[in-house]
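# Structure for this input, please:
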Amino acid sequence: MEFEYTPIKDMPFDIKYPKDYEEWIRKTLPSNIFYDRFKKVMHCTRCGHTTEYTDKIYKGSRLACPNCHEVQTAWPHTTPIVRYYKTYLHFWKTKSAIYYAEVRAHWEYRYSPDVIKKALFKDYSQTREQEEHTKLTPLSFGRLTRTKQQGWERTWYYDISDPKTRAVEQHEMHLEDLSWEVYPNTERLLSKTFINMSEYKYIRHPALLIKELALHAKYPACEYIVKAGLGAYIAEKASYCGHIYIRPDWNAKTLPGFLRLKPQDVDKLRKWNQLDIEGIAYYKKILKWRARPQLEEQELVKKWIDIGALYSGRVQGDPVKLARYLQKQWEKGNWSWDTALIYRYRDYEHMLKELGYPTDDDYYRYPKDISEAHDRLVAEFNAQRQAEREAKMEAQRQAIAEEERHFTEDILPKLQKYNMQDGKYLIRALESLEDFKNEGINNHNCVGSYAARAMKGKAKIFVLRRIDHPNTSFVTIELALNEKSIKQCYETGNRIPDEEVIAWVDRWLKKVVNGKNRKKRKAA
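I've put the predicted structure just below:
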């Protein structure tokens, strides 16, 4: 197998590869078995072994190489192109720095008809080796020291044959790919560096391992934080998915300084077996309301108040007082689940705010019976909402009535000037909301939805009826706003009317609508 190392411009340092790097890639990169059904020969791309076979092999079947015993996918030797890729992460170190490199190995087999056609059994292995090609391209790399944590990543351009790099900050360090393979001796190598980590949380998640290492390199305090049993905070800080409520002092030289607590507070939490991320977060919040928090208060708050609600501002006032109130209500009432009580109280708080009650008054915040107070507020809340809905509906009715009045007094008289009839047909403007509604229902069209626009003068709607059935829907007409053309003219169910009806409507447009307009223009 041929390996090609892609050069990268502006490299800040040379990447050092392990001695067995190519062998490591050969063993871990997805591989295949190619077979020639004419020569009854198969070739393993994992170990490079070529051998004869007797049983039938089918495309896509899983075979075990007789030499390396790896189970792989079988492909005919005439397969045009097969590609696989995987990302590899390895480290190397000096006395004062740790280096890492993320390299993508892109394996590709290209079928060359001329070469395969000339291939003989004796040089089949050599021919196959010439067709197998693995390209190694660095994606990201970095250098970690106590004074500086530097990272670089490949920048992508349209010309991928000319890759370059750009520097990234410590908090931006990341790996680009997801299909990682970590060098086997990584944990042993890192344990001998200046970081001295007791454990590597994300050794199998390289993207997070880099950030975790950068934190340890930047903040020496991480070492005793891990020893104190708070290593989860380092891991969550690296992954950006954990609690951030502690807000520590990363440059502190002691654990109390890191946690921004007094030494006696740390001793108290350790004695309570609460020296973890969640316990510290609750304790620091209680500390704002109690000079000397007690274990009973800590446990009550943890039981009844969610940590996210506590730090997001959804809990107003003393959390200990609220937790004690909820505990008393629990003991007093008939509750199946503690969450039922919590949801009932949250709903009660929401209605207090919506109804305008003083939420900082203990009389309202902590009623004697939460169920009774909740039901009373529900009735008041629903009555208020009903009154608001009725007021809104009345306002809408008044607005519609005002629009209809404006239409009747100002717009309709102008449209009625175009009303016309003869011995066979009559045409008139729709005069009310009821007219629009009935015309849409009876004529099976959507003219009812034009009512709002017609009331504002943004649509001009007429109906055509037979003179002997003046109240039976027949044809619905929309006149263009400039009154120079017919915008729509449809019979029942939006069917096109007969030619006779269309001709009658055209005469009405020319003689009545445009004829009157011409007379007005001449008179003016």
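# Mind telling me what element the spatially closest residue to Ile370 that is not a sequence neighbour is part of?
Spatial nearest neighbour of Ile370, excluding adjacent residues (C-beta to C-beta, 6 or more residues apart in numbering): Gln329 at 5.1 Å. All C-beta atoms are positioned from the backbone trio N, CA, C, and that covers glycine. Using DSSP states H and E, Gln329 sits in helix 319-332.
# buried sites along that helix?
Residues of helix 319-332 classed as buried by neighbour count (16 or more other C-beta atoms under 10 Å): Pro319, Val320, Leu322, Ala323, Arg324, Tyr325, Leu326, Gln329, Trp330.
# Could you do stretch 272-290 as well?
Using 16+ other C-beta under 10 Å as the test for burial, stretch 272-290 gives Gln274, Leu275, Ile277, Gly279, Ile280, Ala281, Tyr282, Tyr283, Lys284, Lys285, Ile286.
# Quick check: which element contains the fourth one?
By that I understand Gly279. Assigned by DSSP H and E, Gly279 belongs to helix 277-287.
# now for that helix, which elements pack on it?
On a contact count with 3 or more C-beta pairs under 8 Å, 6 or more residues apart in numbering; DSSP states H and E, helix 277-287 meets helix 231-239, helix 263-271, helix 295-304, helix 307-312, helix 319-332.
# let's see 7 Å
Helix 277-287 makes packing contacts with helix 263-271, helix 295-304, helix 307-312, helix 319-332 when contacts are defined by 3 or more C-beta pairs under 7 Å, 6 or more residues apart in numbering; DSSP states H and E.
# and the angle from it to helix 263-271?
Per axes from the mean of the first three to the mean of the last three C-alpha atoms, to 10 degrees, the angle that helix 277-287 makes with helix 263-271 is 130 degrees.
# Next, the angle from helix 277-287 to helix 231-239.
Relative orientation of helix 277-287 versus helix 231-239 (the same axes, to 10 degrees): 100 degrees.
# Where does pLDDT dip in this protein?
1, 80-81, 109-132, 155-166, 168-179, 198-204, 240-244, 516-524 (pLDDT under 70).
# quick check: longest helix of it.
Assignment by DSSP state H gives helix 370-406 as the longest helix of the chain.
# Give the buried residues for that one.
Buried residues in helix 370-406, counted by 16+ other C-beta under 10 Å: Ile370, Ser371, Ala373, His374, Leu377, Phe381, Glu403, Glu404.
# can you pull the contacts of the fourth one?
Going by C-beta atoms under 7 Å, 6 or more residues apart in numbering, His374 touches Arg344, Asp347, Tyr348.
# Format the residues you listed as CSV; extra columns: neighbour count, secondary structure and distance to Ala309.
Output for the contacts of His374, formatted as CSV (neighbours: other C-beta atoms under 10 Å; DSSP: H, G, I helix; E, B strand; the rest coil; distance: C-beta to C-beta, whole Å):
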residue, neighbour count, secondary structure, distance to Ala309
Arg344, 19, helix, 15
Asp347, 15, helix, 14
Tyr348, 20, helix, 15
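# can you put those in JSON lines and add distance to Ile496?
Formatted as JSON lines, the contacts of His374 follow (distance: C-beta to C-beta, whole Å):
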{"residue": "Arg344", "distance to Ile496": "63"}
{"residue": "Asp347", "distance to Ile496": "58"}
{"residue": "Tyr348", "distance to Ile496": "63"}
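# what is the orientation angle of the helix holding Gln329 with helix 370-406?
Going by the same axes, to 10 degrees, helix 319-332 makes 100 degrees with helix 370-406.
# on contacts alone, who are the packing partners of helix 319-332?
In this structure, helix 319-332 makes packing contacts with helix 277-287, helix 295-304, helix 338-355, judged by 3+ C-beta pairs under 7 Å, 6+ apart.
# Mind putting these into TSV with distance to Glu439?
Shown next, in TSV, are the helices and strands packed on helix 319-332 (distance: least, C-beta to C-beta, whole Å):
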stretch	distance to Glu439
helix 277-287	66
helix 295-304	62
helix 338-355	44
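# now for the ones you listed, which one comes closest to Gly257?
With C-beta to C-beta, the closest approach to Gly257 among these belongs to helix 277-287: 13.5 Å.
# Show me the contact partners of the closest one.
For helix 277-287, contacts defined as C-beta under 7 Å, 6+ apart pick out 230, 232-233, 243, 245-246, 259, 265, 269, 274, 293, 297-298, 301-302, 307, 310, 319-320.
# Buried only: go through the residues you listed for me.
230, 232-233, 243, 245-246, 259, 265, 269, 274, 293, 297-298, 301-302, 307, 310, 319-320.
# The residue in the chain sticking out farthest from the centre: what's it in contact with?
Each residue of the chain has a distance to the centre, and by C-alpha atoms, centre = their mean the biggest one is for Gly423: 68.1 Å. Under the criterion of C-beta under 7 Å, 6+ apart, the neighbours of Gly423 are Ile467.
# And it, how far from Arg466?
Separation of Gly423 from Arg466 (C-beta to C-beta, to the nearest Å) stands at 11 Å.
# ok, now Pro497?
Pro497 sits at a distance of 12 Å from Arg466 (criterion: C-beta to C-beta).
# what's the burial count for Tyr364?
Residues near Tyr364, counting by other C-beta atoms under 10 Å, number 16.
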